[in-house]
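>>> I would like to see how this sequence folds:
(one chain, ligands or ions: 1)
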Amino acid sequence: MSITILGIESSCDDTSAAVIRDEVMLSNVIASQAVHEAYGGVVPELASRAHQQNIIPVVSEALKRAGVTPEDLSAVAFTRGPGLMGSLLVGTSFAKGFTTALNIPLVDVNHLQAHVMAHFIKRSPDDNTQPPFPFLCLLVSGGNSQIIKVESYNEMTVIGQTIDDAAGEAFDKCAKVVGLPYPGGPVVDRLAKEGNPKAFALSKPHIPGFDYSFSGLKTSFLYLLRDKIKEDPDFIEKNKCDLCASLQTTIVDILMDKLYKAVKQTGIKHVAVAGGVSANSAVRTAFEDYARKYGWTVYLPPFSFTTDNAAMVAITGYYKYLDKEFCDIAKAPFARVEL
Ligand code: KG4
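Numbers count the residues shown, from 1 in each chain. Presented below is the predicted three-dimensional model:
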């Protein structure tokens with residue numbers, strides 16, 4: 001019998017609902033929240049309110065596009081954390097209410113695991129692009145930078161992670177100081193195409209193991225601007241593209257250096273990337289270069305699965321459903337957690 005899962009994602013500033021039937025995505029609806037643009041970052045209270053307004057229309061649209069009714073659902077999977085507490089509460093409460101009304105199981109999903117699991121969403125029944133186990137996954141988003149050893153759908157070990165800022169945060173915060181709108185990552189990516197990646201040398205961390213650090217880079221970027229602006233007040237305006245290209249290339253070098261070490265040490269050459277920063281063109285090019293140079297087999301998610309989406313929640317929920325790993329209705333969302 002077919003298993004049909006409704007996924008709900010509300011951990012940050014995207015309200016999303018998706019339907020998956022037996023690994024195949026039937027719909028994936030995302031309502032982004034433009035309200036935060038004016039503030040240069042996500043405002044938690046505004047995010048919660050926008051989720052409240054969006055959740056019912058987004059779920060209705062996801063069911064409609066999938067051609068299913070609530071009665072067709074086997075279970076509802078929702079992001080329980082990590083994320084913004086107020087935002088998580090909206091998706092969690094909706095999922096609890098909906099499953100109670102339909103008398104079907106509730107499945108809680110870890111947002112980080114879901115980003116990795118995005119690689120298992122099939123866009124058609126004959127889509128066979130999923131990575132084999134074990135593989136390494138570089139998870140790079142606004143809140144995380146981790147290297148994860150993935151041994152099965154539910155066995156994932158973080159072997160390296162940031163000790164301070166995430167890669168996405170480095171993109172966004174540096175973009176902010178050069179006056180770019182939020183989120184800065186995609187804008188830096190665009191401007192970097194016109195710039196020289198070797199124009200400015202920025203600091204790279206020296207920390208042991210597979211861990212990352214991006215706070216030193218952020219500081220060195222700030223100091224560079226401070227010193228150069230003293231010489232020429234129009235420095236940023238005149239060098240925006242070179243600044244973006246230098247920043248982007250440094251972030252990508254930092255990410256790839258540690259990933260290369262992890263591949264060498266583990267001997268695992270199937271390497272995937274996930275999370276918002278995996279949309280970055282230089283990250284994607286670096287993965288393809290490393291594949292050619294070092295014989296890696298790489299897995300780049302489609303752009304629609306790089307940022308927060310409910311299809312990744314639904315596929316994670318699908319495998320938990322198969323294992324009968326259901327969520328007690330009394331469980332609360334959590335803001336912080338490791339994988
Ligand atoms: O995974 P995600 O949507 O949200 C979190 O769960 O954090 O990631 C958002 C992050 C932001 O920092 C955004 O600037 C970054 O992903 N991002 C990019 C690009 N597209 C999104 N960073 C660099 N280049 C991009 N093209």
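
>>> if I read this right, residue 252 contacts residue 280, doesn't it?
Yes. Shown here, residue 252 and residue 280 form a contact pair, counting by Cβ atoms under 8 Å, at 7.3 Å. C-beta: built from backbone N, CA, C; applies to glycine.

>>> State the mean pLDDT of the longest helix seen in the chain.
Determined from DSSP state H, the single longest helix within the chain is helix 235-266. The predicted model gives helix 235-266 an average pLDDT of 98.

>>> Within range of the ligand, give me the residues from the stretch 201-339 of the chain.
275-277, 279-280, 307-308 (Cβ under 6 Å from any ligand atom).

>>> what's the farthest-apart pair in the residues you listed?
280 and 308 (15.9 Å; Cβ to Cβ).

>>> For the residue nearest the centre of the chain, which non-adjacent residue is closest in space?
The centre of the chain sits closest to residue 275, judged by Cα atoms, centre = their mean, with a distance of 2.4 Å. Excluding its sequence neighbours, the residue lying closest to residue 275 (Cβ to Cβ, 6 or more residues apart in numbering) is residue 141, at 3.5 Å.

>>> now swap in residue 84 and tell me
Counting by Cβ to Cβ, 6+ apart, residue 84 lies nearest to residue 44, which is 4.8 Å off, once chain neighbours are set aside.

>>> So residue 97 belongs to a helix, correct?
Yes. Under DSSP: H, G, I helix; E, B strand; the rest coil, residue 97 falls within a helix.

>>> neighbours around it, how many?
Neighbour count of residue 97, defined by other Cβ atoms under 10 Å: 12.

>>> Distance-wise, check it relative to the ligand.
Distance check for residue 97 against the ligand: by Cβ to the nearest ligand atom, to the nearest Å, it reads 25 Å.

>>> Which stretches in the stretch 201-339 of the chain count as helices?
215-231, 235-266, 281-294, 310-322 (DSSP state H, counting those that start in this stretch).

>>> Same question for the longest one: list its buried residues.
This means helix 235-266. 235, 239-252, 254-256, 258-259, 262-263 (16 or more other Cβ atoms under 10 Å).

>>> For the ligand, see how far away residue 173 is.
9 Å.

>>> Show me what residue 150 is bridged to.
Under DSSP bridges, the beta-bridge partners of residue 150 are residue 135, residue 156.

>>> what's near enough to touch it?
Residues near residue 150 by Cβ atoms under 8 Å, 6 or more residues apart in numbering: 116, 131, 133-137, 156, 272.

>>> Kindly recompute the last result at 6 Å.
Residue 150 makes contacts with 116, 135, 137, 156, as judged by Cβ atoms under 6 Å, 6 or more residues apart in numbering.

>>> now swap in residue 88 and tell me
11, 81, 333.

>>> what is the rounded mean pLDDT of the helix or strand containing residue 49?
Using DSSP states H and E, residue 49 maps to helix 44-66. Helix 44-66 shows a mean pLDDT of 96.

>>> tell me what that helix is packed against?
Applying 3 or more Cβ pairs under 6 Å, 6 or more residues apart in numbering; DSSP states H and E, we find helix 44-66 packed against strand 14-21, strand 24-32, helix 85-102.

>>> Buried residues, that helix. List them.
For helix 44-66, burial by neighbour count (16+ other Cβ under 10 Å) applies to 44, 46-52, 54-55, 58-59, 62-63, 66.
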